[in-house]
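J.: 3D model of this:
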Amino acid sequence: MLSKKQAIEVLNAGLSTGADYAEIFIEDRTNHGYGVENGEVKTATVSNTYGAGIRLLNKLQSVYGYTNDVSKKGLLSLASALSHSFEGKQEVFVKSLKLKNVKNRHPHIRPNDTVSDEEKIAWLKRGDKVMKEASDKIVRRNCSFSHYVNNITLITSKGFIFKDSKERARAYLSCVAAEGDKIEVGGAGPGASAGFEYFEKNVDVEKVAKEAADSALLMLNAKECPSGKMTVVIGNGFGGVIFHEACGHALEASAVSKNLSVFAGKLGKQIASPIVTAYDDGTIVNGWGSNNIDDEGNPTHRTVLIEKGILKSYLIDNFNGRRMGMEGNGACRRESYKFEPTSRMSNTFIGNGKSTPEEIIKATKLGLYAKSLKGGSVNPATGEFNFGCSEAYIIRDGKICEPVRGASLIGSGAEVLMNIDMIGNDLERAQGMCGAASGSIPTDVGQPTIRVQNILVGGNGGELK
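T.: Residues are numbered from 1 along each chain as shown. The predicted structure follows:
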C-alpha cells in the first residue's frame, strides 16, 4: 500500500506543470458470482479488480489515466505522463495528508462473503423451482446472485485521505416463455448495499419468481398494443425508469454545465406539474445506489431536484461545478478505477402523491396501464425518449382490462413532467444498472403510480377503441 510520503510525491508530480488539483483513486474489489440455469449450477466465480486512477484538473481542463501498477514507481510514471498535458509551473504543493473519517451508513449483519456457496445456490434454486413448475411454456430459466466488497482509497491534493468500503449484492431471476413464434421474458432484480440478511428478510424469492413467470406467460397470449396519443398510467417501482432516463440524466452537471441539457438554465423555474416532487438520495440506508461518500470524497446528499414542479437543484460533481459556479453535492461516481468520475444519479425517484392506485385507474376512462417498463433510449439534450413496456394493459371505464404486448412510450421528459396529473401514494424503488460516461453503476429508480396525459404510444394493434 502507498505510504503518505509516497502519495505526496505522486500528487506533486501530477501538479508539477500547473494543475490546480490532483487525486489518486485506488480500488481493491472482490467479486463473487453464481448462476443457475434451468436448475443446474452453471457459474460460481470469484475475481479481483485492483488498480489506481489519477486525475489532474487545471481550471476547466481535466486529464485522467489508470494503471494496474499501484507501486510508487508505477504511480509516479502515470502522474508524470499526465502532467505533460499542461504547460506551466507548479502553484499547488501538497505538504501533508490527513485521514478523514468516513462513517458507514450501511450496516451488514451477514456479510455476503461469510455465507456459504451452498446456501446462496439453494436460495436461487427455490426461485428456479417455482418458474419451472409455472408452465411447460417456460422454456428457459436463469437465476443469478452476485455480490462484491470494494475497498476504496481516495487521496487528494487538498490534503485528505478517504478510505471507504462498499458492499453490494443483487439477485436476478428471469424466464423465457415461448409459444409458436411468440417469445416473452419476465424478470426482476432485487438488490441492496447490504449483506445476505436483506435477501432473507426482504426478498420472497418464490414470489419474485412467480411474478416473473406469470408476467411472461400473460404477455405471451396478449394482443398487440394499439397506437396513438393516449392517457397512460405508469406503475410504481421500475416504472420510475422513465423519470431516471427522460429527466434524471438531463439534470446531471455533465450535461447541464455544457448546455447540453433541456433543463440547463432553468433553476427556480417550473419544469413539471405542481404535484411533482422528485429526489436523488444517496443516503438511503442500504440503498442499492447509496454510498457513504462520492468519488470526490464529498458526503452523499438527499437532494431535492424538483419541488412542487419547480427545479431546485442539479446533480453536481466538483469539476463540472466549476463551469456552473456551484459546489458539488455528493453526486460524483464511477464504475471503477478505469473511469474518470463525473456527475451521476444514485437513488432517484418521484415522491408520493395523494391518490391511491385504485383511484387513478378508476379516474381513467380509456388509456394504457404500463405496469412495468424495460429498456429504452433517451437524448439528454432534448429529453426525447423511447421505452418499451414489459407488461401492459388497456384501461376501459376505470378498470384494468385486456393485456397488450409490444407497447412503447415515446415522447420527451419535459412534456411528461408537465403532463403528470395524478400521483399515487404507493412509492416503491427498484434496482438497475445505469450506463454513462463514467461506466455502469448501481442506481435505484422509483416512483408511485402516476398518470400522464397525451403520451404517444407505439404498437401494432391499430387505433385504441
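
J.: where do the helices of this structure begin and end?
T.: 4-15, 72-83, 117-134, 197-202, 205-220, 241-243, 253-256, 318-324, 357-362, 413-419 (DSSP state H).

J.: which neighbours does the helix or strand of the chain with the lowest mean pLDDT have in its sheet, and in what orientation?
T.: Least confident helix or strand, the chain: strand 366-379 with a mean of 88, by mean pLDDT, DSSP states H and E. When sheet partners are counted by DSSP bridges, strand 366-379 sits next to strand 228-234 (parallel), strand 384-396 (antiparallel).

J.: what does stretch 432-444 contact?
T.: Under the contact criterion CB atoms under 8 Å, 6 or more residues apart in numbering, stretch 432-444 has outside partners 168, 170, 189, 191, 193, 238, 241, 244, 249, 252, 254, 284, 287-289, 333-336, 338-342, 344-349, 429-431, 445. C-beta coordinates here come from the backbone N, C-alpha and C atoms, glycine included.

J.: hey, C-alpha coordinates of it in PDB?
T.: The C-alpha trace of stretch 432-444 is given here as PDB (Å, rounded to 0.1, in the frame of the first residue of the first chain):
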ATOM      1  CA  GLY A 432     -30.900  -1.300 -12.000                       C
ATOM      2  CA  MET A 433     -27.600  -0.500 -13.700                       C
ATOM      3  CA  CYS A 434     -27.000   2.900 -15.300                       C
ATOM      4  CA  GLY A 435     -24.500   3.300 -18.100                       C
ATOM      5  CA  ALA A 436     -23.000   6.700 -19.000                       C
ATOM      6  CA  ALA A 437     -19.600   8.300 -19.500                       C
ATOM      7  CA  SER A 438     -18.100   7.100 -16.200                       C
ATOM      8  CA  GLY A 439     -19.200   3.500 -16.700                       C
ATOM      9  CA  SER A 440     -22.000   1.300 -15.400                       C
ATOM     10  CA  ILE A 441     -23.100   2.000 -11.800                       C
ATOM     11  CA  PRO A 442     -25.800   0.700  -9.400                       C
ATOM     12  CA  THR A 443     -28.800   3.000  -9.300                       C
ATOM     13  CA  ASP A 444     -32.300   2.800  -7.800                       C
END
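
J.: average pLDDT for that stretch, rounded please.
T.: The average pLDDT within stretch 432-444 is 96.

J.: list the buried residues of it.
T.: By 16 or more other CB atoms under 10 Å, the buried positions in stretch 432-444 come out as 432, 434, 436, 438-439, 441-444.

J.: look up how far Thr49 lies from Pro111.
T.: 18 Å (CB to CB, to the nearest Å).

J.: then Leu57?
T.: 25 Å.

J.: do you know which of the strands paired with strand 366-379 lies nearest Asp181?
T.: Nearest to Asp181 among the strands paired with strand 366-379 is strand 384-396 (18.6 Å), distances taken as CB to CB.

J.: in the closest one, what counts as buried?
T.: 384-387, 389-395.

J.: kindly report the same for stretch 30-41.
T.: Residues of stretch 30-41 classed as buried by neighbour count (16+ other CB under 10 Å): 32, 34-36.

J.: output it as PDB - backbone C-alpha positions only.
T.: Extracted C-alpha coordinates of stretch 30-41, given in PDB (Å, rounded to 0.1, in the frame of the first residue of the first chain):
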ATOM      1  CA  THR A  30     -13.500  -8.800  -4.800                       C
ATOM      2  CA  ASN A  31     -16.500 -10.000  -6.900                       C
ATOM      3  CA  HIS A  32     -18.500 -13.200  -6.400                       C
ATOM      4  CA  GLY A  33     -21.000 -14.600  -8.900                       C
ATOM      5  CA  TYR A  34     -23.300 -17.600  -9.000                       C
ATOM      6  CA  GLY A  35     -25.600 -18.700 -11.800                       C
ATOM      7  CA  VAL A  36     -28.300 -21.400 -12.000                       C
ATOM      8  CA  GLU A  37     -29.600 -22.100 -15.500                       C
ATOM      9  CA  ASN A  38     -32.600 -24.400 -15.900                       C
ATOM     10  CA  GLY A  39     -31.900 -25.900 -12.500                       C
ATOM     11  CA  GLU A  40     -28.200 -26.500 -13.000                       C
ATOM     12  CA  VAL A  41     -25.300 -24.500 -11.500                       C
END
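
J.: what does it contact?
T.: By CB under 8 Å, 6+ apart, stretch 30-41 touches 42-49, 112-113, 117, 120-121, 124-125, 128-129, 132, 140-149.

J.: drop anything exposed from the residues you listed.
T.: 112-113, 120-121, 124-125, 128-129, 132, 141-149.

J.: got the phi/psi numbers for Gly39?
T.: Backbone torsions for Gly39, taken as degrees, to the nearest 10, come to phi 90, psi -10.

J.: repeat for Lys312
T.: Torsion angles, degrees, to the nearest 10, at Lys312: phi -110, psi -30.

J.: quick check: domain ranges of the protein?
T.: Using automatic domain parsing, the domain ranges for the chain come out as 112-149+166-221, 228-458.

J.: how about these, which one is nearest Thr67?
T.: Ranking the domains of the chain by their distance to Thr67 (criterion: CB to CB) puts domain 228-458 first, at 8.6 Å.

J.: what's the first-to-last distance across that closest one?
T.: Separation of the first and last residues of domain 228-458 by CA to CA, to the nearest Å is 7 Å.

J.: ok, stretch 410-425 next?
T.: 25 Å.

J.: what's opposite Cys332 in the beta bridge?
T.: Ser343.

J.: over to Ser227?
T.: Glu463.

J.: pLDDT weak spots in the protein?
T.: Scanning the chain for pLDDT under 70 picks out no residues.

J.: buried residues in the least confident helix or strand of the chain, which are they?
T.: Within strand 366-379, the residues scored as buried using 16+ other CB under 10 Å are 367-373, 376, 378-379.

J.: using CSV, write out the CA atom coordinates for it.
T.: Only the C-alpha atoms of strand 366-379 are listed here, as CSV (Å, rounded to 0.1, in the frame of the first residue of the first chain):
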residue,chain,number,x,y,z
LEU,A,366,-59.7,5.0,-21.7
GLY,A,367,-55.9,4.5,-21.8
LEU,A,368,-52.9,2.3,-21.2
TYR,A,369,-51.7,0.8,-17.9
ALA,A,370,-47.9,0.3,-18.2
LYS,A,371,-47.4,-1.9,-15.2
SER,A,372,-43.7,-2.2,-15.8
LEU,A,373,-41.2,-0.8,-18.2
LYS,A,374,-38.0,-2.2,-19.8
GLY,A,375,-35.0,-0.7,-21.6
GLY,A,376,-35.2,2.3,-23.9
SER,A,377,-33.1,5.2,-25.1
VAL,A,378,-33.0,8.9,-24.4
ASN,A,379,-31.2,12.0,-25.7
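
J.: tilt between it and helix 205-220?
T.: Angle of strand 366-379 versus helix 205-220, following axes from the mean of the first three to the mean of the last three CA atoms, to 10 degrees, is 100 degrees.

J.: list the contacts of strand 366-379.
T.: 215, 225, 230-235, 237-239, 241-242, 245-246, 249, 361, 384-397, 400, 404, 407-409, 413, 457, 464.
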